[in-house]
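Participant: Give the three-dimensional model of this entry:
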Amino acid sequence: MKIIKNIGIRINSISLNKHYSTRKTSNLFDKETAVYMIPKHNIARIDSDWLRIIKKTTETPYQILKRYSKRKSNKSTFSTDKRRFN
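Facilitator: Predicted coordinates for the structure are as follows:
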């Protein structure tokens, strides 16, 4: 993230699966970045960052599922290419 910020790249949105749904990860992004994250089932404490993510999830479930489906498709294509061209 430091390299991205130093270069001046602005992240508008990011989609993450539950393996990245930690407080540390959510704190990497500013308020202007739309973070679409599937939370883990064992969240110990819900703070303002998690409330923002959960609120966005409940307000726009179709948008999140659409983004997650696109992410999953890209990941599958990348995996296929890796196996093919190892």
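Participant: measure stretch 4-12 end to end?
Facilitator: Using C-alpha to C-alpha, to the nearest Å, the end-to-end distance of stretch 4-12 comes out at 13 Å.
Participant: Now do the strands in this structure.
Facilitator: 13-16, 34-37 (DSSP state E).
Participant: need those strands in CSV with distance to residue 71, can you?
Facilitator: Placement of C-beta: from N, CA and C, glycine included. Formatted as CSV, those follow (distance: least, C-beta to C-beta, whole Å):
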stretch, distance to residue 71
strand 13-16, 5
strand 34-37, 9
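Participant: quick one, which of these is packed in tightest?
Facilitator: Most buried of those, by mean neighbour count (mean count of other C-beta atoms under 10 Å): strand 34-37, with a mean of 21.
Participant: Low-confidence stretches in the protein?
Facilitator: The model of the chain has pLDDT under 70 over residues 40, 42-45.
Participant: now residue 27: how far from residue 36?
Facilitator: Computed as C-beta to C-beta, to the nearest Å, the residue 27 to residue 36 distance reads 16 Å.
Participant: what's the longest helix in the chain?
Facilitator: Secondary structure of the chain read by DSSP state H shows that its longest helix is helix 61-85.
Participant: got the buried residues for that one?
Facilitator: 64, 67-68 (16 or more other C-beta atoms under 10 Å).
Participant: could you dump those to a markdown table with distance to residue 13?
Facilitator: Below are those laid out as a markdown table (distance: C-beta to C-beta, whole Å):
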| residue | distance to residue 13 |
| --- | --- |
| 64 | 11 |
| 67 | 8 |
| 68 | 12 |
